[in-house]
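> Predicted model and sequence below, questions to follow.
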Amino acid sequence: MGTTQGNEMSTGRPGGLTRRSVLKSIGAIPLLGLAGCAPQVRGYGGDPRELPIPPLAEPTVTDDVTWYSIDAQAGEFNILPDVKTPTWGFNGPFLGPTLRLKQGKKVGVHVTNSLDEMTTIHWHGMLVPGECDGGPHIPIEPGETWSPSWDVLNPASTVWYHPHPHGVTGLHAYRGLAGMIIIDDDNPAAEELPHEYGVDDIPLVLTDIRFNEDGTRDETDLPDLGLLGNVPVVNGITNAHFTATRRRIRFRILDGSTMRMFNLELTKHKTFTVIASDGGYLNNPLVVERIPMSPGERVEVVVDLEPGEELELRATPFPDKLDVPDDKGTPDFGLKDKFTLLTITGPAEDAPLPGELPRDVNPSADEVPDLTNAPSREFGLKGFRINDEVMDMQRIDFTVDHGGWEVWTFSNYDTDWLHNMHVHDTQFRILSLKNTKAQVMTRGWKDTILLPPNAYAKVAVRFDPRNNSTKWPYMYHCHMLYHEDMGMMGQFLVTKPGEVPDPIVGNGDTGNSELAARTGESDYARHRH
C-alpha cells in the first residue's frame, strides 16, 4: 500500500565484510519457518477461542487532568489453550488495557512497577515533553511509581505504550508489557466510521512467541534474529476468533512483535480499506489487498462483511522477501512464513448495510510541507550502528533548536538485513523511498518506516516547540528490538534557539552496548532474571 518505488542506484555506500559473508563461513542459521507445519508445543492448535478485547482503562479526573493508573506486574496467562505461561502485563498478567485520550485535554498516568527489576514505559507515537517520554533515562525501579502528565497534542490516531530500558526493551516487550492508546479529536469523520470499542472498533495487537515444550517462553536469542517467535499471538492468545455483529468492522492493527514482519491479507480475495496509518487518518480511504507491517507500525482498516461469511486474517510470505537475499547465509526474518492470525465470522442477516466512507478527512496527510531552506541530517544504518556509532547513554548526538521542518535521510547500508527506523516525539511525512521495489507502508503521517536492504528514505520531520527541553533527550532507533538493544539507537535534544543544552544522561543504562556490538553478546543475555 502507498508504495513509493525507486530503482536508482546509490553511491558512496560503505564496503567491507557483510554479516552474510561472515555467516557463510560459520554455517547457516537454523530458522523457524511456520509454513507447512505447526510448532510442536503442548496446547497449540485446537478449537477457535474468542478474541479477547483489551479493557478500556478507567480514568479519574483531578484538577482537569485525566489520570490513568497502570501497574507492571508478573503473572500467568493462557496464551496457549490449557497451558499457564509465566508472563508480564499491565494491570493484569499479559499485555495491558487500552487508554483512550482526547486531543486538547491534559492526561496523566501513574505507572507503578510491581516487578522485581527496573523497567520504563514509553508512549510510542505521542508528542510529549522529554521528561514524559519514558525513554531509557527515566527508569522506574521496583516498587516505585512514576506519574508524568502532559497535554495531548496528537490528532485522532492509534498509538501505543511499551517498555524502553536500554538493553532489554525487547525482552520486556516479549514478556508482555504493551498496550494500545486510542486518541480522539473533533474530526466529524469519527461519527461516520465504526467507533464502538469492542463491537465494531476492534484493537488487534499482533505478537509472536517461541514456547518450550512445557508452555513456558523460550527467551533464547536466535543469532541475528533475537526473540523472533514461531507462534502467532493476537491480543494475547493463539487460535483467536472474532464473531462480528456489524457488517462494517474497523480493525486497529499494531505490530507489537520484537522482530517479525507481517504481510497481512484476507482470504476469499477480500480487500482492506485503509483509513489511517501511524499518525492518524489518511485523507481518503485506500483499498489494498495486502498490508506489510514491521515492528512498531500501526494501521487502521475497515472490512465490510457479508452475513455469516467465514474469513481468515492471514500473514503470508512476502513475495519480494523485502529484498532480503534468498540464500543460506542470510536470516530470512520469518519472511516466508504463512499462518492464520484470526478467523472471522460475519454478522446476522439483519445487520444493517454500511454507508459510504468519509472522504477529505485529513488534507495534511497528502500535503507536502514547504522545505525551502530546511536543514538536513543523514543517518547511515549498518549492523547495530547508526552513523558508525552504537548507543551511548552519555552522548547527545545532536540538538534541534528550532520549530521548523528538517529533511532526514535514513540509508540502509546493509545488503542483507532489514531495519526500521522510529523517531520519538514526532510524526513525519515520507518524501521518497528509493533503491527498492519492495512494498512498504509510506502513506500519511508516520513515526516508523521499514527500510529494506540498500534502500534509503527521505522524510520531512518537525518537532512541536511546546515540547522543548534542554535536559531530557529523545531517542531515534531501529524498532527491530534486538537491533535496538544491541545499540542501534541515538539520542537528541529539542530546544529553543539559543538555549544551552544541559542534558540528563546516563540513567537507566542496563549494559554496555558498545561491548555487545563488538563481541556479539547481547545486553539481553547479561540482564535476565
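Sure thing, it's come through.
> Name the nearest residue to Thr145, ignoring sequence neighbours.
Thr112 (4.5 Å; Cβ to Cβ, 6 or more residues apart in numbering). From N, CA and C alone the C-beta is placed, and that goes for glycine too.
> In this structure that neighbour contacts Glu144, no?
Yes: contact status for Thr112 versus Glu144: in contact at 7.5 Å, counting by Cβ atoms under 8 Å.
> Quick check on Arg175: phi, psi?
Note on Arg175: backbone dihedrals following degrees, to the nearest 10 are phi -70, psi -10.
> excluding its backbone neighbours, what's nearest it?
Arg175's closest residue in space is Trp88 (Cβ to Cβ, 6+ apart), at 4.0 Å.
> ok, now how distant is the one you found from Gly75?
7 Å (Cβ to Cβ, to the nearest Å).
> out of these two, which sits in the busier spot?
Remark: of Trp88 and Gly75, Trp88 carries more neighbours, 26 against 14, as counted by other Cβ atoms under 10 Å.
> quick check, distance from the particular helix or strand that has the more buried one in it to the centre of its chain.
Assigned by DSSP states H and E, Trp88 belongs to strand 85-90. Mean C-alpha position of strand 85-90 versus that of the full chain (Cα atoms, centre = their mean, to the nearest Å) differs by 19 Å.
> in it, what's buried?
85, 87-90 (16 or more other Cβ atoms under 10 Å).
> Equivalent analysis for stretch 234-250, please.
For stretch 234-250, by 16+ other Cβ under 10 Å, it's 234-242, 244, 246-250.
> Stretch 71-82 too?
Going by 16+ other Cβ under 10 Å, stretch 71-82 has these buried residues: 71-73, 77-80.
> Show me the contact partners of that stretch.
41-44, 46-47, 49, 84-94, 111-116, 119, 121, 140, 163, 176-177, 209, 211, 215, 231, 233, 236-239 (Cβ atoms under 8 Å, 6 or more residues apart in numbering).
> List only those of those flagged as buried.
By 16+ other Cβ under 10 Å, the contacts of stretch 71-82 give 41, 43-44, 49, 84-85, 87-94, 111-113, 115, 119, 121, 140, 163, 176-177, 209, 211, 215, 231, 233, 236-239 as buried.
> Go through these and flag which are in strands.
Cross-referencing the buried ones among the contacts of stretch 71-82 against strands under DSSP state E gives 49, 85, 87-90, 111-113, 209, 231, 233.
> mind putting those residues in CSV, distance to Leu282 and pLDDT included?
Shown next, in CSV, are these (distance: Cβ to Cβ, whole Å; pLDDT from 0 to 100):
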residue, distance to Leu282, pLDDT
Arg49, 33, 96
Thr85, 37, 97
Thr87, 35, 98
Trp88, 34, 99
Gly89, 32, 99
Phe90, 30, 99
Val111, 32, 99
Thr112, 37, 99
Asn113, 37, 99
Ile209, 32, 97
Val231, 32, 94
Val233, 28, 97
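> Closest to Gln103 out of those residues?
Val111 (21.8 Å; Cβ to Cβ).
> circling back to that earlier point, which neighbours do Trp88 and Gly75 share?
Common neighbours of Trp88 and Gly75 (Cβ under 8 Å, 6+ apart) are Phe94.
> what's the distance between Arg298 and Pro203?
Taken as Cβ to Cβ, the span from Arg298 to Pro203 is 10 Å.
> Comparing these two, which residue is more hemmed in?
Of the pair Arg298 and Pro203, Arg298 is the one with more neighbours under other Cβ under 10 Å, namely 27 against 22.
> Just want the most central residue of this protein.
Note on the chain: the residue nearest the mean C-alpha position is Gly296, at 0.7 Å, using Cα atoms, centre = their mean.
> Tell me if it really is in a helix.
No: looking at Gly296 with DSSP: H, G, I helix; E, B strand; the rest coil, it is coil, so not inside a helix.
> how about it, what does it touch?
Applying Cβ under 8 Å, 6+ apart, the residues near Gly296 are 124, 255, 420, 422, 447-448, 479.
> now these as TSV including pLDDT?
TSV is the format used below for the contacts of Gly296 (pLDDT from 0 to 100):
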residue	pLDDT
His124	99
Asp255	99
Asn420	97
His422	99
Asp447	99
Thr448	99
His479	99
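> Which of those lies at the shortest distance from Asp323?
Nearest member of the contacts of Gly296 to Asp323, counting by Cβ to Cβ, is Asn420, at 13.5 Å.
> Could you double-check that the closest one lies in contact with Cys478?
Yes: the pair Asn420 and Cys478 passes the contact test of Cβ under 8 Å, sitting 6.2 Å apart.
> Comparing those two, which residue is more hemmed in?
Cys478 (29 against 25).
> and that one, bridged to which residues?
Beta bridges link Cys478 to Met421, judged by DSSP bridges.
> Give the bridge partners for the nearest residue to Thr267 once chain neighbours are set aside, please.
Nearest non-adjacent residue to Thr267, counting by Cβ to Cβ, 6+ apart: Glu312, 4.5 Å away. Bridge pairing for Glu312 (DSSP bridges) gives the partners Thr343.
> how does the protein divide into domains?
Domain ranges of the chain: 49-187, 192-345, 366-504, per automatic domain parsing.
> Out of the ones you listed, which gets nearest to Pro358?
Comparing those under Cβ to Cβ, the one sitting nearest is domain 192-345, at 4.4 Å.
> Run through the strands of the stretch 201-350 of the chain in chain order.
Along the stretch 201-350 of the chain, counting by DSSP state E, counting those that start in this stretch, strands occupy 201-209, 231-234, 240-243, 248-255, 262-266, 272-277, 280-288, 290-293, 298-304, 310-315, 339-345.
> Please list the residues outside the fifth one that contact it.
Judged by Cβ under 8 Å, 6+ apart, the contacts made with strand 262-266 from elsewhere in the structure are 206, 253, 255, 272, 289-293, 303, 311-318, 335, 341.
> swap in the fourth one?
Under the criterion Cβ under 8 Å, 6+ apart, residues 158, 160, 180, 182, 193-195, 200-206, 242, 261-262, 264, 275, 291, 293-305, 344, 354 lie in contact with strand 248-255.
> Sheet partners, orientation included, of that strand?
strand 201-209 (parallel), strand 298-304 (antiparallel).
> re earlier: please convert the strands of the stretch 201-350 of the chain to JSON lines, extending it with distance to Thr60.
Shown next, in JSON lines, are the strands of the stretch 201-350 of the chain (distance: least, Cβ to Cβ, whole Å):
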{"stretch": "strand 201-209", "distance to Thr60": "23"}
{"stretch": "strand 231-234", "distance to Thr60": "31"}
{"stretch": "strand 240-243", "distance to Thr60": "31"}
{"stretch": "strand 248-255", "distance to Thr60": "25"}
{"stretch": "strand 262-266", "distance to Thr60": "36"}
{"stretch": "strand 272-277", "distance to Thr60": "29"}
{"stretch": "strand 280-288", "distance to Thr60": "27"}
{"stretch": "strand 290-293", "distance to Thr60": "35"}
{"stretch": "strand 298-304", "distance to Thr60": "27"}
{"stretch": "strand 310-315", "distance to Thr60": "36"}
{"stretch": "strand 339-345", "distance to Thr60": "34"}
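> can you tell which of those strands is closest to Asn454?
strand 290-293 (17.2 Å).
> Partner strands of that closest one, with direction?
strand 262-266 (antiparallel).
> got the CA coordinates for the strand it pairs with in PDB?
The C-alpha coordinates for strand 262-266 follow below in PDB (Å, rounded to 0.1, in the frame of the first residue of the first chain):
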ATOM      1  CA  PHE A 262       3.600  -9.300   8.900                       C
ATOM      2  CA  ASN A 263       2.300  -9.300   5.300                       C
ATOM      3  CA  LEU A 264      -1.400  -9.200   6.000                       C
ATOM      4  CA  GLU A 265      -4.200 -10.400   3.700                       C
ATOM      5  CA  LEU A 266      -7.800 -11.700   4.000                       C
END
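> between the domains of the chain, which one is nearest to Arg359?
Using Cβ to Cβ, the nearest of the domains of the chain to Arg359 is domain 192-345, at 5.0 Å.
> re earlier: shouldn't the residue nearest to Thr267 be in contact with Thr343?
Yes: Glu312 is in contact with Thr343 according to Cβ under 8 Å; the separation is 5.4 Å.
> Pick out whichever of the two has more residues nearby.
Taking other Cβ under 10 Å, Glu312 and Thr343 do not tie; Thr343 has more neighbours (19 against 16).
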